[in-house]
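Student: just need the structure, nothing else, for what follows:
(chains A and B)
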Amino acid sequence: MKWRIIPLETHDAFMNMAIDEAISETVASGESLPTIRFYRWKPSAVSIGYFQSLEGEVNVEECKARGIDVVRRRTGGGAVYHDHDNEITYSVILPESAMTLGITESYHEICGWIIKGLAQLGIEAEFKPINDVITGGKKISGNAQTRRGRVILQHGTILYGVDLHTMFTVLKVSAEKISDKMIAAAEERVTSVNRIKPELSYEDVLNALIASFIDGKETEEGILSEHEKKRAEELVKERYQSAAWNSLR
Amino acid sequence: MPLGEAAKKVPGGKLVRVKIDFEGELLKSVQITGDFFMHPEEGLEILEKSLQEIRFDEIEKKVDEVLNAHDLMLVGVSAADLSEVINSART
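Tutor: Numbering: from 1, shown residues only, chains lettered A, B, ... in the order given. This next block holds a predicted model:
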């Protein structure tokens, strides 16, 4: 099976989610090859899981004040702060027939590519069901999956750096105020590549991940088709930028 | 109608929150949110609608029935967890 690899692109939150959906459609129809893409978010953004309450999870006013976009994903899971400088995001989109694994097993398989990439950087990490990758007991990558039209879409993030203060300012973490104690508690649960290996650049991490994702696969470097670009622009307007979608719950 | 809210973090699983309207032993409506997964995602609306006008002691059975009938998969939270959190929202 041949894969299309789309190297790192930078888009806003709405376009990033729309591109994932547009590719899912063209992979479903057979128009596009199974695809792996890497991307980052500009401006920085918050994404929430499909079933989460926008008002319950996100400090919307604070996001507005800081120019941080907020978008609802098609995938379940939790709220994520996507810092432009500190995060690498990927999507893997392929027909279910090409990966005949259950939900947990397919998370394990794709997270294995992340783990292999981190290992190449000297970071020992492991899969933690349901959908996390951890190192030294701390989360370094979160992942989410949806299956529609017999296509698997898994997207996820690898933390290059972590800005817990901003994270807790834009995400509502229970009713407590942001306290040093709470940040200290989070320090025990979340980590990032540059905390473990400060000498590594963002590009080092990206290159290691690309190498491990394509390892053993037949691949060709590609770009979005004109059809996918047009469809993604439609989806931005129809869905991802709309209040009806983002305030769904 | 009385309103209630409750949340549960499933050990080794996900967080689920519910807001309910109820009358005595009868659940009138429920909104379910959280960081769990359901495949396909549209199933949650079907589930919420199916739980309207259901007795509190029949919720777990009804959730199982809807998951089976619509071939839905819940990940990170079980039918028993949902029933427990909906029931605990009553008090």
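Student: and the helix or strand of chain A with the lowest mean pLDDT, which residues are buried?
Tutor: The helix or strand of chain A with the poorest confidence is helix A:180-187; it has a mean of 72 (mean pLDDT, DSSP states H and E). Going by neighbour count (16 or more other CB atoms under 10 Å in any protein chain shown), the buried part of helix A:180-187 is A:Ala186. C-beta: built from backbone N, CA, C; applies to glycine.
Student: and it, is it in reach of chain B?
Tutor: No. Using CB under 8 Å from any CB of the partner chain, helix A:180-187 stays clear of chain B, coming no nearer than 14.8 Å.
Student: ok, residues contacting that helix?
Tutor: Contacts with helix A:180-187, where a contact means CB atoms under 8 Å, 6 or more residues apart in numbering or on different chains, come from A:164-165, A:167-168, A:173, A:176.
Student: and the helices in chain A, which stretches?
Tutor: Assigned helices in chain A, in chain order: A:13-29, A:54-57, A:60-66, A:103-120, A:164-170, A:180-187, A:193-196, A:202-214, A:226-235, A:243-246 (criterion: DSSP state H).
Student: which strands and helices lie in contact with the fifth one?
Tutor: Other elements packing on helix A:164-170 under the criterion 3 or more CB pairs under 8 Å, 6 or more residues apart in numbering or on different chains; DSSP states H and E are helix A:60-66, strand A:80-82, helix A:180-187.
Student: burial measure for residue 73, as a count.
Tutor: With no chain named, the answer covers chain A. Here the count is done by other CB atoms under 10 Å in any protein chain shown, and A:Arg73 has 24 residues near it.
Student: could you do chain B instead?
Tutor: Residues near B:Met73, counting by other CB under 10 Å, number 13.
Student: just give the closest residue to it, not the sequence neighbours.
Tutor: Excluding the flanking residues, the one nearest B:Met73 by CB to CB, 6 or more residues apart in numbering or on different chains is B:His39, at 4.7 Å.
Student: can I get the contacts of helix A:180-187 in TSV with neighbour count?
Tutor: Shown next, in TSV, are the contacts of helix A:180-187 (neighbours: other CB atoms under 10 Å in any protein chain shown):
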residue	neighbour count
A:Leu164	17
A:His165	11
A:Met167	20
A:Phe168	19
A:Val173	16
A:Glu176	10
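Student: from those, pick the one nearest chain B.
Tutor: A:Val173 (11.6 Å; CB to the nearest CB).
Student: after the one helix or strand B:Ala6 maps to, which helix or strand is next? Please name it.
Tutor: Per DSSP states H and E: B:Ala6 is located in strand B:3-9. Counting by DSSP H and E, the next helix or strand C-terminal to strand B:3-9 is strand B:15-23.
Student: helices or strands up against that following strand?
Tutor: By 3+ CB pairs under 8 Å, 6+ apart, strand B:15-23 packs against strand B:3-9, strand B:26-34, helix B:79-88.
Student: kindly export that strand (C-alpha atoms) in PDB.
Tutor: What follows is strand B:15-23, C-alpha atoms only, in PDB (Å, rounded to 0.1, in the frame of the first residue of the first chain):
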ATOM      1  CA  LEU B  15     -14.800  11.800  32.400                       C
ATOM      2  CA  VAL B  16     -18.600  11.900  31.800                       C
ATOM      3  CA  ARG B  17     -20.900  14.700  32.900                       C
ATOM      4  CA  VAL B  18     -24.700  14.800  32.800                       C
ATOM      5  CA  LYS B  19     -27.300  17.400  33.200                       C
ATOM      6  CA  ILE B  20     -30.800  16.000  33.700                       C
ATOM      7  CA  ASP B  21     -34.500  17.000  34.000                       C
ATOM      8  CA  PHE B  22     -36.500  14.500  36.000                       C
ATOM      9  CA  GLU B  23     -39.900  13.900  37.600                       C
END
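Student: nearest the geometric middle of chain A, what residue?
Tutor: Centroid check for chain A by CA atoms, centre = their mean gives A:Gly156 as the closest residue, at 2.9 Å.
Student: contacts only, for the closest residue to it other than its chain neighbours.
Tutor: In this structure, A:Gly156 finds its nearest non-sequential neighbour in A:Asn143, 3.3 Å apart by CB to CB, 6+ apart. Taking CB under 8 Å, 6+ apart, we find A:Asn143 in contact with A:77, A:107, A:110-111, A:114, A:131-133, A:154-157.
Student: in JSON lines, list those along with pLDDT.
Tutor: Output for those, formatted as JSON lines (pLDDT from 0 to 100):
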{"residue": "A:Gly77", "pLDDT": "96"}
{"residue": "A:Tyr107", "pLDDT": "97"}
{"residue": "A:Ile110", "pLDDT": "98"}
{"residue": "A:Cys111", "pLDDT": "98"}
{"residue": "A:Ile114", "pLDDT": "98"}
{"residue": "A:Asn131", "pLDDT": "96"}
{"residue": "A:Asp132", "pLDDT": "96"}
{"residue": "A:Val133", "pLDDT": "98"}
{"residue": "A:Gln154", "pLDDT": "98"}
{"residue": "A:His155", "pLDDT": "98"}
{"residue": "A:Gly156", "pLDDT": "98"}
{"residue": "A:Thr157", "pLDDT": "98"}
